[in-house]
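Asks: Need coordinates for the following:
(chains A, B, C, D and E)
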Amino acid sequence: MSASFNTFLKLLVLALVLAFPFVGSAFYTELVAKGLILAIFAMSLDLLVGVTGLVSFGHAAYFGVAAYVLALLTPKYQAANLWLSLPVAVLVAGLVALLVGFFVLRTRGIYFIMVTLAFAQMAYYIFHDTDLGGGSDGIYVNFKPSAAIAGWTPFDLDQPKALYFFILVCALAVYGGLRRLKESSFGSILQGIRDNESRMLAMGYATYRYKLAAFAVAGALAGVAGYLYGALYGFVTPEYLSWHQSGNVLLMVILGGMGNFGGAVAGAFAFVAMQEFFAAWTKHWQLLMGAVIVGAVLFLPGGISALPARLKRKPRESADE
Amino acid sequence: MNSYSPKITSPGSIWTRTATVATALACAALLPLGNAQAQSGKIKIGLMLPYTGTYAALGNAVTNGFKLYVEESGGKLGGRDIEYFVVDDESDPAKATENTNKLVKRDQVDVLVGTVHSGVAMGMAKVARENNTLFVVPNAGADELTGPLCAPNIFRTSFSNWQSAYAMGPVVYEKRARKVVTLTWKYAAGKQMTDAFAEAFEKAGGKVVKEMTLPFPNVEFQPFLTEIAALKPDAVFVFFAGGGAAKFVKDYGAAGLRASIPLYAPGFLTDGTLEAMGDAGQGLLTTLHYADGLTNAKDQAFRAGYAKAYKAAPDVYAVQGYDAAQLLATGLSAVKGDVSKRAELVKAMEAARIDSPRGAFTLSKAHNPVQDIYLRKAEGKENKVVSVVSKALADPARGCKM
Amino acid sequence: MDFVSFLIQTLNAVQYGLLLFLVASGLTLIFGIMGVINLAHGSFYMIGAYLAFALVAQTGNLFTALLLGIPLAALLGALLEWALFRHLYKRNHLEQVLLTYGLILVFEELRSLALGDDVHGVAVPAIFSASIKLSDTLSYPVYRLVISAVCVLLAIGLYILIHRTRIGMMIRAGNHDRDMVEALGIDINRIYLVVFALGVTLAAFAGMIAAPVSSVFPGMGNQVLILSFVIVVIGGIGSVWGALVAALVIGFADTFGKVLVPDYAGLAVYLVMAAVLLWRPEGIFKS
Amino acid sequence: MSDWLLEAQGLQSFYGSSHILHGVDFRVGRGETVALMGRNGMGKTTLLKSVIGLVTPRGGRVAFAGGEVTGQPTHRIVRRGIAYVPEGRGIFPNLSVSENLRMAARPGPGGRRDWDFERVLATFPRLSERLDHGGGQLSGGEQQMLTIGRALMTNPDLLILDEATEGLAPIIAREIWGIVREIKSSGIATVIVDKNHHALTALCDRAVVLVKGQVVFEGACAALKAQPEIIQRHLGV
Amino acid sequence: MSDALLRAEGLTRRFGGLTANQDVSLSLKRGELHALVGPNGAGKSTCINLLSGDLAPSAGRILFEGRDITGLASHQRSLAGIGRSYQRSNVFMPFSVFENVRLAAQSRRPRAWRVWAKALEDRAINERAEAAIAEVGLAAQRARIVGEMSHGERRQLEVAMVLATDARVLLFDEPLAGMGAEESMKMVELLRRLTTDRAILLVEHDMDAVFAAAQTITVMVNGQVLESGAPQQIRASAAVREAYLGDDEVVHE
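Replies: Residues are numbered from 1 along each chain as shown, chains lettered A, B, ... in the order given. Prediction:
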C-alpha cells in the first residue's frame, strides 16, 4: 500500500501544479514557477550536499553565471533563441563549475565550505565591479527567449502559461534525471564517496574524478535554474551570485531534508511560502523567518521530510506489524 | 553529515511522502490568495520600500512623508479613499521584479511608489513599463529612471544623481580649486555622481586629476586618504551615504586632511549622518535639493506637521515622500479620482507645479523635478542653507525618447 | 608610489589587519577551538557597536560603556550557549550554518525594534583624540594606534589563554574528546559556556572599540562576517597566530589592492584566500 | 550504608536500541582489586561506562563512597574519586605529555594530594623524557602510561582500567602490570579488564565474569583459579 | 624471484625526523600467508600503507608481478590487484552488506560512468558481489545494514569487499583486533582458505593466530626487519624473543 500511496501522492502534486495556472492568479502562478526554479536549484545542490557529501557554500555562482549568459546573449531589442541560449548558459555554468571544482575539490570539510565561498565571491565581484553585465545595477532581459526553430514556434514563452509549463517540464526532467542518476553506478559511487571516501580510493575508485563530475553536473543544473530565473523575471543582478543566495539554497536543502531530491523540492517550496506569508503579515517578517529557522534546527533534525516519521513513530511501529 | 545519509537500500517512502505532502500543501496554500483582493472603492497604492536592512530608516521616512500628506488631505486623494499595500523590498535587487509583481499582479495596485535603492527601482521600472502601471519614484536617483527608461507612466519626485552632483562643479571651482580628486564606491550611483561633477567642474575650467573607487560597501578608507595626502589636490569630491559616509568623514578628519584639503559632496553625505559624524562633520559643504533653514511657509508648515505626527524632525526623504503624494493628488484631482483616465491623469501630473517644502518645482519632459539646488553647510545636526547654487536645474535626461 | 607613501600604506595595512584580527579573534575561539560555525558572529560585532552607542549615550563615556557592555555581552553569550548552541556541538556543520543564519535575521530585527535603523556615531575618547603628524598633509589618529595596541595585547592574551593555562588545555582537550574530559572530572559544559561567552564578548568588544572609528549602522555585522571567516580559514582553524598572520595578509591584500589594482580590489581578498588554500589546503598554520 | 566503595545494583543499560546490561550488580571494596572478565561484546565496557555515567543506565542505581550518584553527570560522579582509563587510551594527541598530565590534576576526595606531577613522572620515567612531545607522537606503551599517569593525577580512590594491555607488546605489557601492582599496593582500589587472564588472576582479589550482560560468576580470584572450567566455559579459547 | 607476486625492496619512509620504515624488504608469494608482526610503533602499518599506496616511500621500490608500481596511487594499485583492509573497520555504515560489496565489485568495471542504467540491474557485478559474500560466509546477512552489525561481522564484510575487487594480493591490517576467540578462529580459518590462489600479508598481534596460520613470519622492530622466516625459525630466534615476545614467565608466575 505504501508504494501505491506514494505514487498517488506524487500524481496528486503533479495534478496540482499542472492545474495551478488555470486556477491561481497570474502572480501566484509566477510564484509557483519561482518555487519550481528554486526547486531545480536546490536539487542541483542536493546532488552535492546530500548525495556526494560535498557542502558547497558557493552554489549561487553557477546559478548567477547562467543568468548572466542569458542576459548577455539577449540582444537589446530582440529575443534570444531558447535552443541556443539555454544550452550555452548551462554549458558555461557547467564549465565554470568544472574549473572551480578542479581547484576546490583538493580541500575538505570546513575548508571546502570556505573555498567554494571564496570562488563564488570572486565571481560575484567580477559581475559587481566590472562593466560586464551592467555592474551592481544589473542588466535587463527585455525579451523572453524565443522557442522558434527555423521559423516554426512551438510555444511562446511570452505567454505566462507557456513559460510556466516550460519551467515545470524542466523541473520534472531534472527531478527524474537526478533520481535516475542517483540509482546508477555513478550515483552509488557518489554515495560511497559521501560515506567513506578513503575506502572508495582503496577499492580503486579515482574519487576526485567522480567528485569533479558531480560538481560540474550540479553547476550545470544550477545553471538551468539561473537561466530560467533570469527569463522569468527579466532582470539579472550580481546579487544572484551573493553568499546570501548560496546560503538560501543551502537552507532549502537542509530544511527539506537531504539526499533525496524530493526533500529539496519541499524545502524550496517551504522557503518561498514562508517568505511570502511572513512578509505579508508583518514588517518585521525576518524575525519570524529567523525564529522558524532556529526552531527547525533545534526541533526538526533531518528536515521536513523526516517530520512524519518523528510525529508518528509509535503508530507506525504498530502499523508495520 | 553521515547521520543524515539515507540508507541506500531503504525504499525511502517516508521522505517521498512527506516531501510530496509538503509541496502539495505549499501549492495549495497559495491558491486561495489568488482572488482574495476584491474590488473596492479605494485607490490602491503600493508602497515598496526598504523596511529592513541598511536603508530601513530611509524607507520609513518616505512612508511617513507620503502618509502625512494623505492625512492632511483627509485620508483621500482625488476625492477617493486610499488603501495601502506595503512590501519590504529589503534593498535587494535580486528580488526587485518579484516584489514589484506582488504589488502589480497580486494586489493590482493603481499606483506604485518606491524606492530607495537604485537597482531595485530599476527593477520596479521594468515591471511598471511592462504592465503600464503608474509609478512614482520618491528617492532612487539613478539617471536611467528619467533617462533611457523614461516612460509616460514613470515619475520621480526626488532627484537624479546628475542633478545633485552637477551643481557642485561650479561651487568647487569658485572656491579656487583647480585640481580635484574624486572618490566613491564602485557602483552606478557613485559613477553617475562623480561623472556629473567632473562634467560641470571641467566645464568651469578645473581638472579632475584622479578618480578613485573602492568596492561597495567596503569602508576601509585609509589607503585612499594616504594617496590623497600624497597627491595634494586642491579639493576632494566624494559620494558616500549612510554608515559609510559617517565613517569616511570621521576618517578624513582624523587623518588631518580637513585642515588642508576641503571636502565637497552631494548632500547624501551629511543627511541623517551628522549626529554620527560628531565634530568631524561640522562645516561640511554639500549640494542638495533640500536644506534645513529654508524660509518658505510650506516648509515650516510641513515641519510642524511632521514633528507633530511622528515626534521626529523630517529629512529630505520625508519631503520626497510627501511630494510623491502631492504629485499624485494633483493628477488624481484632475480626473476626480478616476484612475482609468490615464492620459488625462498623466497630463495633469506633467503639468503640475508642486508646492514642495523644498521650494516649488515642476517636472521636466522626462518627469524628473526641475528644481533649485542648495548649497548647505553642516551646523550642529542640521544642513543649513547657504545659497541657491543652481536655479531650476533640469536633468539633461540623456537617452530619454519621450 | 614613493617610499614615504609606501611606508604609510604599510602602516595602514598593518593597522587594518590588526583590526580585522580583533573582529576575527572571537571567531577563532568559537569556530576554531569549539568547532562551531557561527555565522552570527557578525551580529555580535554589530550588537557590540550598538551597545557602545547606547551606553555612551547614557553614560557619556566609552570606558564606562565598555565596563558595562562587556559583562552584558558575556551574559548574552552565556545565555545563547545555554539555550541554543549547547544543542549544536554534536550536530554537523550544516545545521550550525543554518541555525546561526537564522540568528542573523533575528538579531538584525531585534536591533531594529530596540534601537531603530539610524546611523550613529560614537565619540573617540578625549584622551585618545589627538593625531600624530606623518607628512605635511597627513596625520594618524592616536585612537587607531590604540586599537592596534589592544589587538596585539589581545592576541598575546588569547595565545596564553589557549596554550599556557589549564583552562586552555581543557578547551583543547575537549575539542578532541569531550567524553574523556568529562571522565577526568571536568565539567565540559561549563567550559564551553565560558569559551562561548568569551567568543561573543570578543566580537562585541571589537564592535565597541571599533565604534568610534567605524560609526554604527544597520548591516555592519555582515560586512565583517565573511572577512572574519576568511581570516580564520586562511590562518588555519584553531590557530591564534594563524589568525593574526592571516589578518595581516588580508590587510595587505586589501590595502595594496585598492591602491595598485583599484578595479579588482574586491576580488583581491578572495584571490588571496583561494591561492593560500590551494597552496596549503588547511591554512597557513594548521593545528 | 554499606562498606563498599562502589556499589551498583540492577543496572540496565542500552546501546542504541540493543539491550546490553540485564540487571548487573557490581561492587568494589576499598583498596580492592577487581578483575572484570568476559569475552568481547559481553558488556564489560558498557558496565564501566554506566558506572561513571558516560552511558546513562535505564534502570538500577549506583552509589560511590556512600553517596548515591545515579543519573548524575559524569564529571560529578568521578569527582567523588574515580579515575577512568578507557579502552583505546583516550589521550589528547593535540596536547603535550606534560599538558595531558597537568590538565587533569586535582586533589582527591578529602583534599588528598598523594599524587602530583613529580610523583607521576617518578613512576613513569619514560614520560619525563618526552614531556614536550605531543600525545599523538607516543608509542602505544607510552600512551598507556600517560593515561594511567593522568588518571593518578586526579588522586582517585578507584582506578578503572579498561583493556589495560591491549595492543601492547608483551614486554611493554609486563611493565604495565608492574605499575598496576604498584598502584594496588598504594591502596587505590582498581577495576581491571584485560585479555590476559593469567596476569589478571595473579593480581586480583576478586573477579566478576559477565556473559551477555549478566554476572555469571562473582568471587575470590583464588576461587576462580581453582575452577578452570569456569574460565574455559566463559572466557576460554 | 619470479614466484613472488609482490616484492618490496629497500622501502624507507621518513616522517620529518622520524624514520618509520628503514630499508624494509619483503616478498609475498602466491598461496602464502605472510604475517608481519612486531611491537606497537614498529612500523607495520606504515609498511602496509606503503604497499597499498596510501603513503609514498621516501626510498625503495615495489614490484607487482615483476612490474614496478612504486609510482602508482592507491586506487591504481587497487585496480592492478592489490586489496587491503584497515586497522579500524572501514566500511559504509548506512549501506547494506550487499551494497557494500557491490560497490567494491563495481570498481572493477569501466561502466562506473554509466549514469542512466540502474546500478542494481548490472547482473555481472551483482553475481560477483554475491560470490564474495558467500565466500566469507555472510550470505544470510546480505540485506542487513552494516551499521547494525557486530564488529566481527564487519571485519568479515571487509574481507568480502577486498575479494570482490578480485585482488590477488591481500593486505590485512589487524583483522582479528577486537574479536572474540570464536570469531578469531573463524577468521583465521577464512584467511587460510583464501590463501590458496592469492598472497596475503597479515599484520596481527594475536600470536596464537599468527603461528597457527602463517607460512612465513616477518618481525619488525623500530622500523626495520629483524628476522624473517618460517614460524619455527622465528620461535627459535633469541633476538625475536628478546625484542618482541619477551619472557612470558614473569606474567604467568
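Asks: okay, CA-based contacts and neighbour counts for the rest of this
Replies: Noted.
Asks: can you give me phi and psi for the closest residue to residue D:116 other than its chain neighbours?
Replies: Excluding its sequence neighbours, the residue lying closest to residue D:116 (CA to CA, 6 or more residues apart in numbering or on different chains) is residue D:153, at 5.8 Å. Backbone torsions for residue D:153, taken as degrees, to the nearest 10, come to phi -60, psi -20.
Asks: any idea how far residue D:172 is from residue D:153?
Replies: Using CA to CA, to the nearest Å, we find residue D:153 at a distance of 22 Å from residue D:172.
Asks: which one of the two has more residues nearby?
Replies: Just comparing residue D:153 and residue D:172: by other CA atoms under 10 Å in any protein chain shown the higher neighbour count belongs to residue D:153, 27 against 21.
Asks: Was I right to think that one contacts residue D:117?
Replies: Yes: with contacts counted by CA atoms under 8 Å, residue D:153 reaches residue D:117, the gap being 7.0 Å.
Asks: biggest helix in chain D, by residue count?
Replies: Using DSSP state H, we find that the single longest helix of chain D is helix D:170-185.
Asks: Mind giving me the packing neighbours of that helix?
Replies: Identification of packing neighbours for helix D:170-185 by 3 or more CA pairs under 8 Å, 6 or more residues apart in numbering or on different chains; DSSP states H and E yields helix D:140-152.
Asks: any idea how far the residue nearest to residue D:116 is from chain E?
Replies: Using CA to the nearest CA, to the nearest Å, one gets 26 Å for the distance from residue D:153 to chain E.
Asks: Spit out the contact partners of that residue.
Replies: Contact analysis of residue D:153 by CA atoms under 8 Å, 6 or more residues apart in numbering or on different chains lists D:101-102, D:104-106, D:115-117, D:120.
Asks: hang on, isn't residue A:196 packed against residue E:89?
Replies: No: look at residue A:196 against residue E:89 with CA under 8 Å: they stay out of range, at 11.2 Å.
Asks: now the helices: where do they sit in the stretch 51-200 of chain E?
Replies: E:74-80, E:97-106, E:123-136, E:151-164, E:181-195 (DSSP state H, counting those that start in this stretch).
Asks: Residue E:20 belongs to a helix?
Replies: No: under DSSP: H, G, I helix; E, B strand; the rest coil, residue E:20 sits outside any helix and is assigned strand.
Asks: That one and chain C: what is the separation?
Replies: 22 Å.
Asks: right, and that residue touches residue E:42 too?
Replies: Yes: using CA under 8 Å, residue E:20 is in contact with residue E:42, at 7.5 Å.
Asks: Can you check which residues contact both of the two?
Replies: Common neighbours of residue E:20 and residue E:42 (CA under 8 Å, 6+ apart) are E:222-223.
Asks: Not counting its own residues, what contacts stretch C:132-140?
Replies: B:226, B:229-230, B:232, B:254-257, B:260, C:131, C:141-142.
Asks: Let me have stretch D:96-104 in CSV, keeping just the CA atoms, if that works.
Replies: Extracted in CSV, the C-alpha atoms of stretch D:96-104 (Å, rounded to 0.1, in the frame of the first residue of the first chain):
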residue,chain,number,x,y,z
SER,D,96,51.8,17.7,25.0
VAL,D,97,52.6,15.0,27.5
SER,D,98,53.0,17.5,30.3
GLU,D,99,49.7,19.2,29.4
ASN,D,100,47.9,15.9,29.3
LEU,D,101,49.1,15.4,32.9
ARG,D,102,48.6,18.9,34.2
MET,D,103,45.2,19.4,32.9
ALA,D,104,43.8,16.6,34.9
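Asks: That one close to chain C?
Replies: Yes: remark: stretch D:96-104 sits within contact range of chain C at D:99-100, D:102-104, by CA under 8 Å from any CA of the partner chain.
Asks: And the helices in the stretch 51-200 of chain B?
Replies: Under the criterion DSSP H, counting those that start in this stretch, the stretch 51-200 of chain B carries helices at the ranges B:56-72, B:96-101, B:118-131, B:161-166, B:168-174, B:188-204.
Asks: and stretch A:131-150, anywhere near chain B?
Replies: Yes: using CA under 8 Å from any CA, we find that stretch A:131-150 touches chain B at A:135-138.
Asks: show me where the stretch 201-321 of chain A has helices.
Replies: Under DSSP H, counting those that start in this stretch, the stretch 201-321 of chain A gives helices at A:207-233, A:243-256, A:261-281, A:285-299, A:307-311, A:313-319.
Asks: now the ones you listed in JSON lines, with mean pLDDT?
Replies: Output for these, formatted as JSON lines (pLDDT from 0 to 100):
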{"stretch": "helix A:207-233", "mean pLDDT": "96"}
{"stretch": "helix A:243-256", "mean pLDDT": "90"}
{"stretch": "helix A:261-281", "mean pLDDT": "90"}
{"stretch": "helix A:285-299", "mean pLDDT": "88"}
{"stretch": "helix A:307-311", "mean pLDDT": "61"}
{"stretch": "helix A:313-319", "mean pLDDT": "35"}
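Asks: nearest to residue B:103, of those?
Replies: helix A:261-281 (11.2 Å; CA to CA).
Asks: The closest one and chain B, are they touching?
Replies: Yes: Helix A:261-281 comes into contact with chain B (CA under 8 Å from any CA), by way of A:262-263, A:265-266, A:269-270, A:273, A:279-280.
Asks: for chain B, what are the nearby residues on the stretch 51-200 of chain E?
Replies: Counting by CA under 8 Å from any CA, the residues of the stretch 51-200 of chain E that sit close to chain B are E:94-96, E:99.
Asks: Enumerate the residues of the stretch 51-200 of chain A near chain E.
Replies: Taking CA under 8 Å from any CA as the test, the list of the stretch 51-200 of chain A residues beside chain E reads A:180-181, A:183-189, A:192, A:195-196, A:199-200.
Asks: please redo it, this time with the cut-off set to 7 Å
Replies: Within the stretch 51-200 of chain A, the positions adjacent to chain E are A:180-181, A:183-186, A:192, A:195-196, A:199 by CA under 7 Å from any CA of the partner chain.
Asks: Would you list the buried entries among the residues you listed?
Replies: Buried members of these, counted by 16 or more other CA atoms under 10 Å in any protein chain shown: A:180-181, A:183-186, A:192, A:195-196, A:199.
Asks: Rebuild these as CSV, extending it with pLDDT and distance to chain C.
Replies: Formatted as CSV, these follow (pLDDT from 0 to 100; distance: CA to the nearest CA, whole Å):
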residue, pLDDT, distance to chain C
A:180, 92, 26
A:181, 93, 24
A:183, 89, 25
A:184, 89, 27
A:185, 87, 27
A:186, 90, 25
A:192, 91, 19
A:195, 89, 14
A:196, 88, 16
A:199, 85, 21
